[in-house]
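Asker: how would this look folded up:
(2 chains, ligands or ions: 2)
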Amino acid sequence: MKSLLARGSELSSSSEQLKILTDVSEKKSLPLFETKLEGSGLAPFLPTRIEILQVNVGKLCNQTCKHCHVDAGPDRKEIMSQETMRQCLDVLTGSEIPVLDITGGAPEMNPNFRWFVEEASGLGRKVLVRCNLTILLAGEKFRDLPEFFAANRVEIVSSLPYFQKRRTDAQRGEGVFDKSVEALRRLNSVGYGIPGSGLVLNLVYNPAGAFLPGGQSTLEGDFKKELKSQFGVDFNSLFTITNMPISRFLEYLIESGNLEEYMEKLVSSYNPAAAVGVMCRNTLSVGWDGNLYDCDFNQMLDLPVAGTVRTIGDFHLASLEKRKIRLHQHCYGCTAGSGSSCGGAIA
Amino acid sequence: MAQETTYYKPEDLKKFGNIGEFEPDLAKKFFDYYGAVFADGALSAKEKSLIALAVAHVVQCPYCIDAYTADSLEKGVTEEQMWEAIHVGAAIRGGASLVHSVQALNKVKELSI
Ligand code: SF4
Ligand code: SF4
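Answerer: Residues are numbered from 1 along each chain as shown, chains lettered A, B, ... in the order given. Ligands and ions are numbered 1, 2, ... in the order given. Coordinates of the predicted model:
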């Protein structure tokens, strides 16, 4: 499978995606997300404090998962430059933001990835890498990543949609499950996910289709039991994340005839308690080109932060913490049911 | 089109809550009870979802089949577990028919030389 962009799909345009979300909302008389927040006493919707700098170092990836909100893939060439990474590090140095969350694409494919991780970890910040697992098996160049991660005390967050091959491969590509298990074993072998090692390996569960994630702790129990008994694999926590109705998952929803029902489900499952804790309130997202967004989803929809500070080079904490968060109908994905963020369920 | 000519309409499932329009007190009692039945207890909510899926097939309620297939998926149930549950329902249903054949057997013996 190729990215939407390489296929020349209309959906590769963010304005087209936003139009589809608006149209379906009008057709089904779904309330605006902003109105819903007002009803919960959360307007205007403001950040609390920036605690996580989430940096998307590029859209290049060795996979082309069907649920990818980045539309990442081997054909995407957008890559963050070392200069922009340096600006991100300067922001960390000049602030007390405790967490750097590195994402992509497959962030490890950025040629300056290791330098970036080493510099950030040298600053004494918690460094989180969103590793898709199969990259560890993508060639010689990536083989020693587990040791590299361990040496820099990186916290790893990896998507594994299910503890069985069928659903995982359907969502992330043929053969991904077996490779992911092999990668997890390698991470375990250097201490990741092993109690007492201090090396954290968290997994992310995404529903393999047009339904919401179930209870995080029950699913974590199932994953632990199955991965251990079937494959001898250990991990720390499972984060349940709702698939956002954007990009390639939006394409799936439209093609499978599930879009209207999925949006209705997200809206009817709106949970004000989850809305209070959505990740845009404590995260600032940096695009591969240095532009700033409220979250990775707004980044992919080309909805930049409101206000005068637009790039990481112009970072100014006080004004950014006063900005109003940009909202649209996709935001219902973060507030449905138990809620969904980069760290899993919220409420 | 086929959908329009059947009695059951998938979108009607969403209107289940509206049954309280004419008898709100009883509807509330039912939905409170329903909620309590499906909460985690001595059986997990996931196990209850599988039981509901099996029963939905036995009583052949299209709404319940839709609802508990989706609910099972949400709860992380595997397809194997779902189909085993459906077969349990089918086996009980088949067995319930067949076990009555003991009565036929008795009658055959009673009437035969
Ligand atoms: S979901 Fe992750 S691994 Fe899959 S294509 Fe997107 S960036 Fe790559
Ligand atoms: S999609 Fe982004 S902006 Fe919208 S609620 Fe979620 S995190 Fe916040």
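Asker: quick one: contacts for the residue of the stretch 151-300 of chain A found nearest chain B?
Answerer: Distances between the stretch 151-300 of chain A and chain B by CB to the nearest CB are smallest at A:Gly214, namely 4.2 Å. Using the backbone N, CA and C atoms, a C-beta is placed for each residue, glycine as well. Neighbour list for A:Gly214: A:240, B:46, B:74-76 [criterion: CB atoms under 8 Å, 6 or more residues apart in numbering or on different chains].
Asker: repeat that for 10 Å
Answerer: When contacts are counted by CB atoms under 10 Å, 6 or more residues apart in numbering or on different chains, A:Gly214 touches A:205, A:207, A:222, A:240, A:337-338, A:345, B:45-46, B:49, B:71-77.
Asker: Now it. Its backbone dihedrals?
Answerer: Main-chain dihedrals, A:Gly214, degrees, to the nearest 10: phi -80, psi -170.
Asker: distance of whatever residue of chain B ends up closest to ligand 2 from A:Thr311?
Answerer: In chain B, the residue that lies nearest ligand 2 is B:Glu74 (20.2 Å; CB to the nearest ligand atom). Applying CB to CB, to the nearest Å, the value for B:Glu74 to A:Thr311 is 40 Å.
Asker: Tell me where the model's unsure across chain B.
Answerer: Within chain B, the segments meeting pLDDT under 70 span B:1-4.
Asker: Pick out the residue of the stretch 101-250 of chain A closest to ligand 2.
Answerer: Closest point on the stretch 101-250 of chain A to ligand 2, by CB to the nearest ligand atom, is A:Met244, at 6.9 Å.
Asker: Does that residue touch A:His67 like I think?
Answerer: Yes - between A:Met244 and A:His67 there is a contact at 8.5 Å, judged by CB atoms under 10 Å.
Asker: What's the local residue count around A:Leu11?
Answerer: Neighbours of A:Leu11 under the rule other CB atoms under 10 Å in any protein chain shown: 18.
Asker: from what I can see it touches A:Ser247, true?
Answerer: Yes - between A:Leu11 and A:Ser247 there is a contact under CB under 10 Å: 7.0 Å.
Asker: which residues are in contact with both of the two?
Answerer: Common neighbours of A:Leu11 and A:Ser247, using CB under 10 Å, 6+ apart, are A:4, A:17, A:71.
Asker: If you count residues, where's the longest helix of chain B?
Answerer: helix B:79-99 (DSSP state H).
Asker: buried ones in that one?
Answerer: B:81-82, B:85-86, B:88-89 (16 or more other CB atoms under 10 Å in any protein chain shown).
Asker: How about residues contacting it?
Answerer: With CB under 10 Å, 6+ apart, helix B:79-99 has contacts from A:164, A:166-167, B:46-47, B:49-60, B:65, B:68-69, B:72-73, B:75, B:77-78.
Asker: name the element A:Tyr129 belongs to?
Answerer: If you look again at residue A:129, you'll see it is Val, not Tyr. Using DSSP states H and E, A:Val129 maps to strand A:126-130.
Asker: how about the CA coordinates for that strand, as CSV?
Answerer: What follows is strand A:126-130, C-alpha atoms only, in CSV (Å, rounded to 0.1, in the frame of the first residue of the first chain):
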residue,chain,number,x,y,z
LYS,A,126,12.7,12.0,29.9
VAL,A,127,12.9,10.9,26.3
LEU,A,128,10.1,9.0,24.8
VAL,A,129,10.4,7.3,21.4
ARG,A,130,7.3,6.0,19.5
